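[1] Okay, here's the prediction I keep looking at, along with the sequence it came from:
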Amino acid sequence: ESLCDHFHESQTTMDPKEPGYQAVYLRIYKKVVAKVKKELKDNDLWSLYEELELPLVTALAEMEAHGILVDPKKLSVISQELEATMEKLTETIYAEAGEEFNINSPKQLGVILFEKLGLPVLKRTKTGPSTSAEVLEELSDHPIVASVLEYRQVAKLKSTYTDSLAELISPETKRIHTTFNQTVTATGRLSSTHPNLQNIPVRTKEGRRIREAFVAPEGHVLLMADYSQIELRLLAHLSGDQVLAEAFRSGQDIHAQTAAEVFGLDLDEVTDEERSAAKAINFGIIYGISSFGLAKGINLTRAQAQEYIDSYFLRYPMVKVYLDGLVEQGKKEGYVQTLSKRRRYLPNLKSRNYALRSFAARTAMNTPIQGSAADIIKLAMLKVYRALKDAGLKTRLLLQVHDELVLETPLDELHLAAHLVKKQMEEVYPLDVPLKVGVFYGPNWRDVKSFDYEE
DNA sequence: GCGATCAGCC
DNA sequence: GTTTCTGCTGATCGCG
């Protein structure tokens, strides 16, 4: 800190062109380097820095510089269709409301829905009745609400994705060049800005259309490789729970298996509804479970949610021991850590404020899982990057989306590249359970099909 | 300029 | 003491 102060002072008092400025700068810089290096070594973080994060910089820089090809004509067609849909919906909404107003304003929308039309207020924000999708879905029997939900979806796609993305296509490369930030998240994940290419729609059919505009150049295809259930697999590994580990070794549908365990059924008796509840429980476990959160997620009473959680921990006892241990370790040491020793300090585990303390406890449970997944995919990126180079292939990494890599590959390299990527990702860091990677390819980011072993 | 709200992804 | 289940980015509104 004193070095930083000193540096700040020199920066403001000295002209960078003044002789001696660079000498001062370098002297301070060297001291800071030595200090940070010692701190990393003292905290057992040196190899994380030197062997993972530092070499990853090069791979990320190349990904950013290379960019991903985007077809502006496709974006523009989608944009015009969205525009037409928005105009229709706007007319419908005005007619149903009996007046014109700004549909984009939650405040003005609230006046129409809750005052003029007298719909019930199911939830409030700090500033007034909530108009979130969660609330509107409960009220969607009213035609105006259904139209507003659709309007919101279309407006989001148009403003965030079609129009903004088009502006970010480089005139020189015809590509979009995102920035991957390596130092913003608390867990070790990357983030992506200008634009954020880690939140391109995929969930709905309409949203997925955006992905059609992300294309491979002539003679190439996009290659996608994603880890299947990496966080739950890490939970099995980190907790040592043999029931969960065996579930993954069996290769069966993990959510259905969880349903069978939790509800005491045979695997073939599990209904879609039970599987879907089990999926919510699995997500909850990864996020740092609370009965409150689970109840909200799948419309249960808190008591029912607590029963599900109790039943889960009865079937996966080592998971319970592991998660409790994380909170304990966080309290004792002040931090929790990932596979690579990356730390997250959680002082609020000792807070007297229940909300803060609970949040910190959920963070203590989530960070080692989410952060270790981030460690693994970063290491996999490095291995893929180096293996492609060593093999003399032209295949390039383009994007990372937390548990997925997107690459661009010449058609005549597809077979080699697909096998190389799958192997590097699956064998990156052997765990007690296998890591499974799905590989897909296609002319654009939407229309991809599974790459089969025979190919 | 900034906080609040909402919505996109994992 | 009575929680809005992790981690992010970004568009928009509306106040100051």
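    That came through, no problem. Residues are numbered from 1 along each chain as shown, chains lettered A, B, ... in the order given.
[2] need the residues of the stretch 101-250 of chain A near DNA strand C, please.
    Contact residues (Cβ under 7 Å from any atom of the strand) of the stretch 101-250 of chain A with DNA strand C: A:102, A:104-105, A:107-108, A:123, A:159-160, A:164, A:181, A:184-187, A:189, A:191-196, A:198-199. Just so you know, the C-beta spots here come from the backbone N, C-alpha and C atoms, and that holds for glycine as well.
[3] what's the neighbour count on residue A:45?
    Residue A:45 has 17 neighbours, counted by other Cβ atoms under 10 Å.
[4] Report the contact partners of it.
    A:341-343 (Cβ atoms under 8 Å, 6 or more residues apart in numbering).
[5] Out of those residues, flag the one nearest to residue A:259.
    residue A:342 (33.1 Å; Cβ to Cβ).
[6] still on that earlier bit, list only buried entries from the residues of the stretch 101-250 of chain A next to DNA strand C.
    With burial judged by 16 or more other Cβ atoms under 10 Å, the buried subset of these is A:160, A:187, A:189, A:191-192, A:195, A:198.
[7] out of those residues, which are inside strands?
    A:191-192 (DSSP state E).
[8] Make a markdown table out of the buried ones among the residues of the stretch 101-250 of chain A next to DNA strand C and add pLDDT.
    A markdown table is the format used below for those (pLDDT from 0 to 100):
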| residue | pLDDT |
| --- | --- |
| A:160 | 88 |
| A:187 | 91 |
| A:189 | 92 |
| A:191 | 90 |
| A:192 | 90 |
| A:195 | 89 |
| A:198 | 91 |
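[9] Please list which of the buried ones among the residues of the stretch 101-250 of chain A next to DNA strand C also come close to DNA strand B.
    Near DNA strand B, taking Cβ under 7 Å from any atom of the strand as the test, the members of those found are A:160, A:198.
[10] which two in the buried ones among the residues of the stretch 101-250 of chain A next to DNA strand C are spaced the farthest apart?
    A:160 and A:187 (24.0 Å).
[11] Contact partners for the closest residue to DNA strand B within the stretch 301-450 of chain A?
    Ranked by Cβ to the nearest atom of the strand, the top residue of the stretch 301-450 of chain A for proximity to DNA strand B is residue A:402, at 3.3 Å. Contacts for residue A:402 (Cβ under 8 Å, 6+ apart) come out as A:189-190, A:198, A:373-374, A:377.
[12] Equivalent analysis for residue A:192, please.
    A:178-181, A:198, A:399.
[13] Closest one to DNA strand B out of those, please.
    Nearest to DNA strand B out of those is residue A:198 (Cβ to the nearest atom of the strand; 6.1 Å).
[14] Isn't that closest one up against residue A:191?
    Yes: here residue A:198 reaches residue A:191: they are 6.9 Å apart, a contact under Cβ atoms under 8 Å.
[15] Next, count neighbours for residue A:35.
    For residue A:35, the neighbour count with other Cβ under 10 Å is 13.
[16] What average pLDDT does the helix or strand residue A:233 falls within get?
    Applying DSSP states H and E as the criterion places residue A:233 in helix A:230-239. Averaging pLDDT along helix A:230-239 gives 95.
[17] What's the first helix or strand after that helix?
    Beyond helix A:230-239 on the C-terminal side, the first helix or strand identified by DSSP H and E is helix A:242-250.
[18] domain assignment for chain A?
    Structural domains annotated on chain A: A:1-42, A:43-68+A:174-230+A:368-455, A:71-168, A:232-367, as defined by automatic domain parsing.
[19] Least reliable of those by average pLDDT, please.
    Among the domains of chain A, domain A:1-42 carries the lowest mean pLDDT (a mean of 77).
[20] ok, residue A:128 touching residue A:109?
    No: Residue A:128 is beyond contact range of residue A:109, at 10.4 Å (criterion: Cβ under 8 Å).
[21] ok, the two, which is more surrounded?
    residue A:109 (23 against 13).
[22] doesn't residue A:101 make contact with that one?
    Yes: assessed by Cβ under 8 Å, residue A:109 is found in contact with residue A:101 at 7.3 Å.
[23] shared neighbours of those two, anything?
    Counting by Cβ under 8 Å, 6+ apart, nothing touches both residue A:109 and residue A:101.
[24] and the angle from the longest strand seen in chain A to helix A:242-250?
    Criterion DSSP E: the longest strand present in chain A is strand A:220-228. Counting by axes from the mean of the first three to the mean of the last three Cα atoms, to 10 degrees, strand A:220-228 lies at 150 degrees to helix A:242-250.
[25] ok, back up a step: now, the most widely separated pair of the contacts of residue A:402?
    Pairwise distances among these were taken by Cβ to Cβ; the largest, 14.0 Å, belongs to A:198 and A:373.
[26] on that earlier part again, now intersect the contacts of residue A:192 with the helices, please.
    Among the contacts of residue A:192, DSSP state H puts none in helices.
[27] Now the two most distant members of those residues.
    Spanning the widest gap among the contacts of residue A:192 are A:181 and A:399, at 13.8 Å by Cβ to Cβ.
[28] most centrally placed residue in chain A?
    Nearest residue to the geometric centre of chain A (Cα atoms, centre = their mean): residue A:402, 5.1 Å.
[29] where does the stretch 51-200 of chain A come near DNA strand B, residue by residue?
    Neighbours of DNA strand B within the stretch 51-200 of chain A, by Cβ under 7 Å from any atom of the strand: A:106, A:125-128, A:130-134, A:136, A:149, A:152-153, A:156-157, A:160, A:196, A:198-200.
[30] Tell me which of those residues fall in helices.
    Using DSSP H, these in helices are A:106, A:133-134, A:136, A:149, A:152-153, A:156.
[31] Could you export those as CSV, including distance to residue A:279?
    Formatted as CSV, these follow (distance: Cβ to Cβ, whole Å):
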residue, distance to residue A:279
A:106, 30
A:133, 20
A:134, 18
A:136, 24
A:149, 23
A:152, 25
A:153, 23
A:156, 25
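[32] Scan the residues you listed and report the most crowded one.
    residue A:136 (21 neighbours).
[33] ok, that residue - contacts?
    A:145, A:148-149.
[34] ok, the residues you listed vs DNA strand B, which is closest?
    Using Cβ to the nearest atom of the strand, the contacts of residue A:136 come closest to DNA strand B at residue A:149, 6.6 Å.
[35] isn't the closest one right up against residue A:133?
    Yes: at 6.3 Å, residue A:149 counts as touching residue A:133 under the criterion of Cβ under 8 Å.
[36] Between the two, which contacts overlap?
    Contacts common to residue A:149 and residue A:133, judged by Cβ under 8 Å, 6+ apart, are absent.
[37] Residue A:148 and residue A:84, how far apart?
    Residue A:148 sits at a distance of 18 Å from residue A:84 (criterion: Cβ to Cβ, to the nearest Å).
[38] More neighbours: these two, which one.
    Ranked by neighbour count (other Cβ under 10 Å), residue A:148 and residue A:84 place residue A:148 first, with 25 against 11.
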